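> coords please:
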Amino acid sequence: MIQTKEEINVLALEEEFYSKPFNFSYSGLNRLLFSPKLFYSHYVLQQREEKLDSYLLEGKVIHCLLLDGDNFDRQFVVSPLSLPSDNPKLVVDRVFKYAQETNSLDQDLRSFESPILDILKEINLHQSLKTDEQRVDKMVTDQTVSYFDFLKQKGSKDVIDTEMYNRCLESVQILRQNEDVVKVLDLYRNSGGTVYSEHPIQINLPGYPFGLKGIIDNLVVNENDKTIVINDLKTTGKDIASFPESVGYYKYWIQAAIYHKLAWTNFIKGLADAAEWNIVITFIVIDKYNQVYPYQVSKETLEIWLADFEDIEDKLKYHYINREYKLPYELALGNVTL
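From the prediction side, this is the model:
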């Protein structure tokens, strides 16, 4: 059977993916559980989606300002412009990427009519207007043209507008003034432990053909108390009391289990007194009303999450070894009925 050029390219990308060690992050793992097909597209075929919703970007900015402020200017640029809404911004971001790849950054936004129409089809916005002229006109406005011109100057940094920047500054100020957060994060005094901010860790998983990785917001290793404290900052569009529901819905418990494994393997495993060490995990949550609360995970709950994570590891192994990316684990086995 003769293979098409596209099929050959897919096989080459798949072999490239499997030729190198792979470490699952929380986001990659969650994506595989939710939609193996999407994971395959993003990670194996390297067809990543550039879109970062405004609320996710805002959370990213708050993380940086609170925990890694010295690197803010390396990661972000504050635009003097008002940024386009999510869909027009996504279209312009993709047009900009296309212009970079085709060495056509000297052209103005309207000259990319054909790519704009192709992008609208890809993100299912093509049918919202009747004619191609209307579709392009809706995407090419004074605001999007100014944004496109600004992208040419900003490099690889994430762009935020002044309004978002000021909101994030306000949230960070509230977090820094919250007594519970100050106590948990130890922002103003050192408890005697070693503090790591935005700390990347990756580990191998014995018995599995892949590993785990993560960037922990705030981690404190206290050898005197034989305690590791892991603090993860969460922003939520819901009210603060609804966060326990989000732990299940967004599978934050999986993230906690991953961070526990990363910390245990990197700092504790192999120590003579390893059994005496304790790992404490806290989600520091700020909601859309700027209400703040540190949700500490109980020892009993953490033990349950770690036990449940063993099943997750087996599901990952099934997909990874069998190269099965068509359906989620339970459906792939054909064990689901109504």
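
> For the protein, name the helix or strand with the lowest mean pLDDT.
For the chain, using mean pLDDT, DSSP states H and E, the weakest element among its helices and strands is helix 179-185, scoring a mean of 78.

> and that helix, which residues are buried?
By neighbour count with 16 or more other C-beta atoms under 10 Å, helix 179-185 contains the buried residues 181, 184, 185. Yep, even glycine has a C-beta here, placed from its N, CA and C like the rest.

> which helices and strands does it pack with?
Contacts of helix 179-185 with other secondary structure elements, assessed using 3 or more C-beta pairs under 8 Å, 6 or more residues apart in numbering; DSSP states H and E, are made with strand 227-236, strand 278-287, strand 292-296.

> Can you spell out the domain ranges of this protein, please?
The chain breaks down into these structural domains: 1-50+180-328, 52-177 (assignment by automatic domain parsing).

> would you turn those domains into JSON lines with distance to residue 335?
As requested, those are exported to JSON lines (distance: least, C-beta to C-beta, whole Å):
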{"stretch": "domain 1-50+180-328", "distance to residue 335": "11"}
{"stretch": "domain 52-177", "distance to residue 335": "32"}
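
> In JSON lines: the helices and strands packed on helix 179-185, plus mean neighbour count.
What follows is those, written out as JSON lines (neighbours: other C-beta atoms under 10 Å):
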{"stretch": "strand 227-236", "mean neighbour count": "21"}
{"stretch": "strand 278-287", "mean neighbour count": "20"}
{"stretch": "strand 292-296", "mean neighbour count": "16"}
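
> closest one to residue 159 among those strands?
Across these, residue 159 has its closest neighbour in strand 227-236 (18.7 Å, C-beta to C-beta).

> Quick check: beta-bridge partners of residue 202?
Following DSSP bridges, residue 202 is listed with bridge partners residue 213.

> That one: neighbouring residues, count only.
If you count neighbours by other C-beta atoms under 10 Å, residue 202 ends up with 16.

> Also residue 319?
For residue 319, the number of neighbouring residues by other C-beta under 10 Å comes to 20.

> just residue 112 next, same as before
25.

> Apart from its chain neighbours, what residue comes closest to it?
The spatially closest residue to residue 112, leaving aside those adjacent along the chain, is residue 95, at 4.9 Å (C-beta to C-beta, 6 or more residues apart in numbering).

> That neighbour contacts residue 117, doesn't it?
No. With contacts defined as C-beta atoms under 8 Å, residue 95 does not count as touching residue 117, sitting 10.8 Å away.

> Between these two, tell me which one has more neighbours.
Taking residue 95 and residue 117 together and counting by other C-beta under 10 Å, residue 95 has the greater number of neighbours (24 against 15).

> for residue 197, phi and psi?
With angles defined as degrees, to the nearest 10, residue 197 shows backbone torsions of phi -120, psi 140.

> what's in contact with the longest helix that the chain contains?
For the chain, the helix with the greatest residue count under DSSP state H is helix 299-322. Contacts made with helix 299-322 from outside it, assessed by C-beta atoms under 8 Å, 6 or more residues apart in numbering, are listed as 22, 24, 29, 32-33, 36, 39, 205, 208-210, 253-254, 256-258, 260-261, 279, 281, 297, 324-325, 329, 332.

> per-residue pLDDT, the residue nearest to residue 112?
According to the predicted model, the pLDDT of residue 95 comes to 91.

> Give the next helix or strand downstream of the one helix or strand it maps to.
Per DSSP states H and E, residue 95 falls inside helix 86-101. Past helix 86-101, further along toward the C-terminus, the next helix or strand under DSSP H and E is helix 113-122.

> before we move on, back to that, ok, of the contacts of helix 299-322, which come out buried?
Those of those that meet the buried threshold are 24, 29, 32-33, 36, 39, 205, 210, 253-254, 256-258, 260-261, 279, 281, 297, 325, 329, 332, by 16+ other C-beta under 10 Å.

> Those in strands, which ones?
Cross-referencing these against strands under DSSP state E gives 24, 279, 281.

> quick one on the thing from earlier: chain center to the helix holding residue 95, what's the gap?
20 Å (C-alpha atoms, centre = their mean, to the nearest Å).
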